[in-house]
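Undergrad: quick one: sequence plus predicted model below, questions after.
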Amino acid sequence: MLRPVMMFLGLIAMPLQVFAASQSVPSIDGALFAAIAGASPGDVLLLDPGPHQGPITLDKPITIDGQGKANVYGNKTGSVITVTGTDIAIRGLKITGSGSSHETIDSGIQLHRTAARVLIENNHILGNLYGIDIHGAKNVTVLANTIVGRRDHRMNSRGNGIYVWNAPGTLVERNDIRLGRDGIFVNTSKRGIFRGNLMRDLRFAVHYMYAHDSEISANISVGNHLGFALMYSDRITVRDNMSLADRDQGLMLNYTNKSDLVGNLVRGTGGKCLFIYNAHRNLIGDNRFEGCGIGIHFTAGSERNAMVGNAFIANQTQVKYVGTRDVEWSFDGRGNFWSDHPVFDLDRNGIADSRFRPNDLMDHILWSQPAAGMLLGSPAVQLIRWSQAHFPATLPGGVVDSFPLMKPIEIRVPEEITSLELAARANPVWLRERTENVSDPLASH
């Protein structure tokens, strides 16, 4: 008698997921609504191929699986899928037909603050105002989705691919995001990881505001107006990202402090590889800045950063900095590589035998008086530069690298990404867009 009673009590104590069922949902109007209403916690709804009527709300722990062949479509009002519950998975769907209101953040998938532990995986989220809106939800994973935004408004009037607001513990990984406004916009959200995403034809690939203690790693920005805009954020890790053929800037630090920028590649940006504005106590190391209008432009008292191991290659201006005192760009006997520094290494220790100053007095004059560029080939300008080379005391304040490197860091770009870069350079989408000046106003400093 005791044994059956114990077995009964054990069954009561087992989690509800043990009794979860898989249920096929036919592609007919109303069938998805009914299946969600009748589902028990832990159930898996397998959607048949074809269209399924939305919008829908998920408020219980279930899985919606389109198996790569089902389309959940909205009525062009509000969001297509709204999530208010916990322990929910949304995968394998095509999601279309959101509304067009920025006030309600109409999205393909919208998560409310009551949502938690939600997985959004392998979906195609196409033509919605916002792709995914994570609004106050906790511990959300967004994995391997394709998100394509709209082109029916000017870029600043579109929605973001993924919008993260006050959503600690968010993981956004291996998503392909195109068109719309910003690829990933993070605002007031801590402890997030944004890793391995590909972002193209946008305003900013990643736009960070007040996003402390988080990670941006191995992301690729191709053909956007600006790659990675990191603002008002402390203690972030920015590692192994690529900005290729972006229009205005590759990386921007604005009031970003105590952070690490390591192993990033910025190549072929028409404006600045890296712009630093009022950002302090950051490590900027082992990055490669190549083929930009300006390698690094730093201003507004941004001298207190460690700059070591970086490669400055074939930028029109390697460094832009106007100051009255010298700023040392080396650490512990190791500096940076400069492609325009003609030097020797007689002792073969990998460190150049002479220090390097990337700027001289004429650079400062040209920045403040661009019309002086007409005199660059004149004997007077050549005399000034000869004098500075032979009498260093006449040099203005600025960047000094006392231990320049003889070899640059190498960062390999996969062939398929190089193909996207070449296409973006040959025929950039922003030339064909109805657009406006979308870069941060700080870029004019």
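TA: Received, thanks. Just so it is clear, the model here is predicted, and its values are computed rather than measured.

Undergrad: what about the strands in the stretch 301-445 of the chain?
TA: Ranges of strands in the stretch 301-445 of the chain, per DSSP state E, counting those that start in this stretch, are 306-308, 311-313, 317-320, 327-328, 337-338, 399-400.

Undergrad: now those as CSV including mean pLDDT?
TA: Listed next are those as CSV, based on pLDDT from 0 to 100:
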stretch, mean pLDDT
strand 306-308, 93
strand 311-313, 95
strand 317-320, 88
strand 327-328, 84
strand 337-338, 92
strand 399-400, 84
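
Undergrad: quick one, what contacts the residue nearest to F289 when sequence neighbours are not counted?
TA: The shortest distance from F289 to any non-neighbouring residue, by Cβ to Cβ, 6 or more residues apart in numbering, is to C273 (3.8 Å). From N, CA and C alone the C-beta is placed, and that goes for glycine too. C273 sits next to 243, 249-251, 266, 289-290, 292, 294-296, 315 when contact means Cβ atoms under 8 Å, 6 or more residues apart in numbering.

Undergrad: quick check: C273 is in a strand.
TA: Yes - counting by DSSP: H, G, I helix; E, B strand; the rest coil, C273 is found in a strand.

Undergrad: just the pLDDT for it.
TA: Note on C273: pLDDT of 96.

Undergrad: and the spatially closest residue to S214 that is not a sequence neighbour, how many neighbours?
TA: Distances taken as Cβ to Cβ, 6+ apart put G192 closest to S214, at 4.4 Å, once the chain neighbours are dropped. Here the number of neighbours of G192 (other Cβ atoms under 10 Å) works out to 25.

Undergrad: and if you look at Q249?
TA: 30.

Undergrad: and for the one 4 residues further on?
TA: For L253, the number of neighbouring residues by other Cβ under 10 Å comes to 28.

Undergrad: other SSEs contacting the host helix or strand of it?
TA: Following DSSP states H and E, one finds L253 within strand 249-254. Secondary-structure packing of strand 249-254 (3 or more Cβ pairs under 8 Å, 6 or more residues apart in numbering; DSSP states H and E): strand 226-231, strand 265-267, strand 272-277.

Undergrad: tell me which of those strands sits nearest to I411.
TA: With Cβ to Cβ as the measure, strand 265-267 is the member of the helices and strands packed on strand 249-254 nearest I411 (4.3 Å).

Undergrad: low pLDDT regions in the chain?
TA: 1-20, 300-302, 322-324, 345, 359-397, 430-445 (pLDDT under 70).

Undergrad: now stretch 173-184 - C-alpha only, CSV.
TA: Extracted in CSV, the C-alpha atoms of stretch 173-184 (Å, rounded to 0.1, in the frame of the first residue of the first chain):
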residue,chain,number,x,y,z
GLU,A,173,24.4,36.2,-30.8
ARG,A,174,25.0,35.3,-34.5
ASN,A,175,22.1,37.4,-35.9
ASP,A,176,22.1,38.8,-39.4
ILE,A,177,20.6,42.3,-39.4
ARG,A,178,20.0,44.6,-42.4
LEU,A,179,18.3,47.9,-43.1
GLY,A,180,16.2,49.8,-40.6
ARG,A,181,17.9,52.4,-38.3
ASP,A,182,20.4,50.8,-35.8
GLY,A,183,21.3,47.1,-35.9
ILE,A,184,21.4,46.8,-32.1
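
Undergrad: got a list of contacts for it?
TA: 130-131, 141-151, 155-162, 164, 172, 193-207, 221, 224.

Undergrad: got a PyMOL select line for the buried ones in the residues you listed?
TA: Applied in PyMOL, the following selects the buried portion of the contacts of stretch 173-184 according to 16 or more other Cβ atoms under 10 Å:
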select buried, resi 130+131+141+142+143+145+146+147+148+149+150+151+155+158+159+160+161+162+164+172+193+194+195+196+197+198+199+200+201+202+203+204+205+206+207+221+224
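
Undergrad: strands - which of the contacts of stretch 173-184 land there?
TA: Counting by DSSP state E, those place 130-131, 141-143, 146-148, 162, 164, 172, 193-195, 198-200, 204-207, 221 in strands.

Undergrad: quickly list what A306 is bridged to.
TA: Applying DSSP bridges to A306 gives these bridge partners: L283.

Undergrad: that one: neighbour count?
TA: 16.

Undergrad: please tabulate the strands of the stretch 301-445 of the chain in a markdown table, including the columns distance to S98.
TA: A markdown table is the format used below for those (distance: least, Cβ to Cβ, whole Å):
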| stretch | distance to S98 |
| --- | --- |
| strand 306-308 | 44 |
| strand 311-313 | 44 |
| strand 317-320 | 43 |
| strand 327-328 | 49 |
| strand 337-338 | 48 |
| strand 399-400 | 48 |
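
Undergrad: correct me if wrong: L420 contacts R200.
TA: Yes - contact status for L420 versus R200: in contact at 6.9 Å, counting by Cβ atoms under 8 Å.

Undergrad: shared neighbours of the two, anything?
TA: 222-223.

Undergrad: and I125, what does it touch?
TA: Taking Cβ under 8 Å, 6+ apart, one finds 94-95, 108-109, 131-132, 145-148 in contact with I125.

Undergrad: now do 6 Å
TA: Applying Cβ atoms under 6 Å, 6 or more residues apart in numbering to I125 gives the contacts 95, 108, 131, 147.

Undergrad: swap in I162?
TA: I162 sits next to 131-132, 172, 184 when contact means Cβ under 6 Å, 6+ apart.

Undergrad: contacts for stretch 325-344?
TA: Residues contacting stretch 325-344 (Cβ under 6 Å, 6+ apart): 303, 306-308, 310-314, 352-354, 356, 397, 399-405, 408.

Undergrad: from one end of it to the other, what's the distance?
TA: From its first residue to its last, stretch 325-344 covers 27 Å (Cα to Cα, to the nearest Å).

Undergrad: so what's the gap between it and the chain middle?
TA: 29 Å (Cα atoms, centre = their mean, to the nearest Å).

Undergrad: begin at 44 from here
TA: I'll keep to 44 as the first residue from here, and by that count the last item is stretch 368-387.

Undergrad: in that stretch, what counts as buried?
TA: Counting neighbours by 16+ other Cβ under 10 Å, stretch 368-387 gives 370, 372-373, 377-381, 384 as buried.

Undergrad: and the nearest residue to G352 once chain neighbours are set aside, how far from P401?
TA: Leaving aside its chain neighbours, G352 sits nearest to D329 (4.1 Å; criterion: Cβ to Cβ, 6+ apart). Taking Cβ to Cβ, to the nearest Å as the measure, D329 falls 18 Å from P401.

Undergrad: between the two, who's got more neighbours?
TA: P401 (23 against 18).

Undergrad: residue contacts, the more buried one?
TA: Counted by Cβ under 6 Å, 6+ apart, P401 has contacts 361-362, 442.

Undergrad: TSV for those residues, including neighbour count and distance to A82?
TA: Listed next are the contacts of P401 as TSV, based on neighbours: other Cβ atoms under 10 Å; distance: Cβ to Cβ, whole Å:
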residue	neighbour count	distance to A82
Q361	24	61
V362	25	60
V442	22	63
